[in-house]
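Novice: requesting a structural model of the entry that follows:
(one chain, ligands or ions: 1)
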Amino acid sequence: MVTNIKQSVTDPKRKKNLLNVKLIKREDITNDLLKIWIEKPNGYTFKPGQYCTIGINGIERAYSIVSAPYEKNIELFVELVPENEGGALTPLIWKLSPDDPITIRPRAKGIFVFNDQWQNHLLLATVTGVVPYVSFIRDYIKKIENHEVKNDRHKMHVLMGASYLDEFSYDEELKSAALKYPDLVAFVPSVSRPNESKNSDWSGTTGRVNMLVRDYANDNSLSPNDTLIYACGHPGMIEDVKEKMIPLGFTIDEERFWKED
Ligand SMILES: Cc1cc2nc3c(=O)[nH]c(=O)nc-3n(C[C@H](O)[C@H](O)[C@H](O)COP(=O)(O)OP(=O)(O)OC[C@H]3O[C@@H](n4cnc5c(N)ncnc54)[C@H](O)[C@@H]3O)c2cc1C
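Specialist: Alright, predicted model coming up:
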């Protein structure tokens with residue numbers, strides 16, 4: 001079913017037009033990580049890296065969009081904040097089943113988007129912070145496949161950190177992208193708690209992305225003149241990256257998903 005403006009409702013408190021959409025499907029990744037796909041309203045447009053605002057029972061929150069604009073549905077990757085830790089919308093998202101109603105504001109927003117003026121893009125993420133980068137890469141690959149761009153100008157280096165290996169839910173996709181388009185994508189997942197039993201199968205990179213970023217830039221000859229750093233996810237990671245990389249002359253774009261207390 002296609003949603004259009006006629007189906008919009010007005011939230012009396014906010015006086016905003018909200019569109020009604022449905023949950024298409026959900027995929028539980030861990031107990032507190034979930035992928036959801038929701039209907040994309042007719043005429044809904046966004047740039048890779050932008051966020052949508054969805055709601056249930058009048059509670060609304062922002063979510064960066066995983067999917068690329070060419071995709072039929074809107075894909076989101078959500079981390080649960082339990083009710084006893086202050087979560088309001090995410091506990092409701094966790095109860096959703098296919099066909100359940102959700103609202104979405106009519107316009108995507110955000111300036112954390114791919115900046116094609118730069119040659120190198122150093123994309124730093126913690127867990128759900130990888131979302132905008134997946135959208136960048138899906139969009140770029142589609143454009144290569146459609147012969148709209150050539151694969152000779154940009155390189156995206158994704159450094160993705162997580163405490164546990166089961167939190168890397170887009171790792172297979174990013175690994176495949178890096179294998180198929182090595183001139184476009186490099187992907188380095190890193191676990192920050194390598195000694196914990198849940199990570200006993202891990203043989204890859206270890207350490208927090210904020211601790212790896214300087215060496216990574218150095219080892220890959222990424223210079224402040226040709227490289228834009230993006231930092232998305234945990235506010236502590238973003239702060240530390242800024243402290244380390246701004247004094248070296250790097251420009252940093254950031255998207256904070258929440259504020260640290
Ligand atoms: C531009 C933007 C994009 C976002 N994109 C995503 C996304 O792609 N995926 C996603 O899961 N969230 C994303 N968020 C966060 C999201 O909007 C919600 O805040 C989050 O899902 C929690 O919602 P809630 O209503 O359950 O709790 P809230 O009422 O929003 O928050 C309760 C408390 O938890 C803190 N908090 C929120 N998120 C987290 C977290 N992940 N870890 C620890 N503490 C947290 C808040 O700061 C607050 O103190 C984004 C936020 C912004 C501003």
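
Novice: contacts only, for the residue nearest to Arg193 when sequence neighbours are not counted.
Specialist: Closest residue in space to Arg193, ignoring its immediate chain neighbours: Ser163 at 5.0 Å, by CB to CB, 6 or more residues apart in numbering. To be clear about C-beta, it is placed using only N, CA and C from the backbone, and glycine gets the same treatment. Taking CB atoms under 8 Å, 6 or more residues apart in numbering, we find Ser163 in contact with 191-193, 196.

Novice: let's see it at 10 Å
Specialist: By CB atoms under 10 Å, 6 or more residues apart in numbering, the contact list for Ser163 reads 126-127, 191-193, 196, 198-199, 208.

Novice: now those residues in a markdown table, with secondary structure and distance to Leu184?
Specialist: Written out in a markdown table, the entries for the contacts of Ser163 read as follows (DSSP: H, G, I helix; E, B strand; the rest coil; distance: CB to CB, whole Å):
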| residue | secondary structure | distance to Leu184 |
| --- | --- | --- |
| Thr126 | strand | 23 |
| Val127 | helix | 23 |
| Val191 | strand | 25 |
| Ser192 | coil | 27 |
| Arg193 | coil | 30 |
| Glu196 | coil | 33 |
| Lys198 | helix | 32 |
| Asn199 | helix | 29 |
| Arg208 | coil | 26 |
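
Novice: mind checking which of those are buried?
Specialist: Members of the contacts of Ser163 that pass the buried threshold by neighbour count (16 or more other CB atoms under 10 Å) are listed as 126-127, 191-192, 199, 208.

Novice: closest one to the ligand out of these, please.
Specialist: Minimum separation from the ligand among the buried ones among the contacts of Ser163 (CB to the nearest ligand atom) is found for Val127, which lies at 7.5 Å.

Novice: and the closest one, how close does it get to Leu165?
Specialist: The span separating Val127 from Leu165 equals 12 Å under the rule CB to CB, to the nearest Å.

Novice: what of Phe257?
Specialist: Taking CB to CB as the measure, Phe257 falls 21 Å from Leu165.

Novice: kindly list the longest helix within this structure.
Specialist: Longest among the helix segments of the chain by residue count, using DSSP state H, is helix 131-145.

Novice: which residues touch Ala178?
Specialist: When contacts are taken as CB under 10 Å, 6+ apart, Ala178 is in contact with 137, 156-158, 184-188.

Novice: kindly apply the preceding question to Leu124 instead.
Specialist: 130, 133, 157-161, 209-210, 212-213, 216, 229-233, 237-238, 241, 245, 252, 254.

Novice: now the buried members of these.
Specialist: When burial is judged by neighbour count using 16+ other CB under 10 Å, the buried members of the contacts of Leu124 are 130, 133, 157-161, 209-210, 212-213, 216, 229-233, 237-238, 241, 245, 254.

Novice: which stretches of the stretch 151-261 of the chain form helices?
Specialist: Remark: helices of the stretch 151-261 of the chain, listed N- to C-terminal, are 171-180, 209-219, 235-245; assignment by DSSP state H, counting those that start in this stretch.

Novice: as TSV, these with distance to Gly49 would be great.
Specialist: Rendered in TSV, the data for the helices of the stretch 151-261 of the chain read as follows (distance: least, CB to CB, whole Å):
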stretch	distance to Gly49
helix 171-180	16
helix 209-219	18
helix 235-245	15
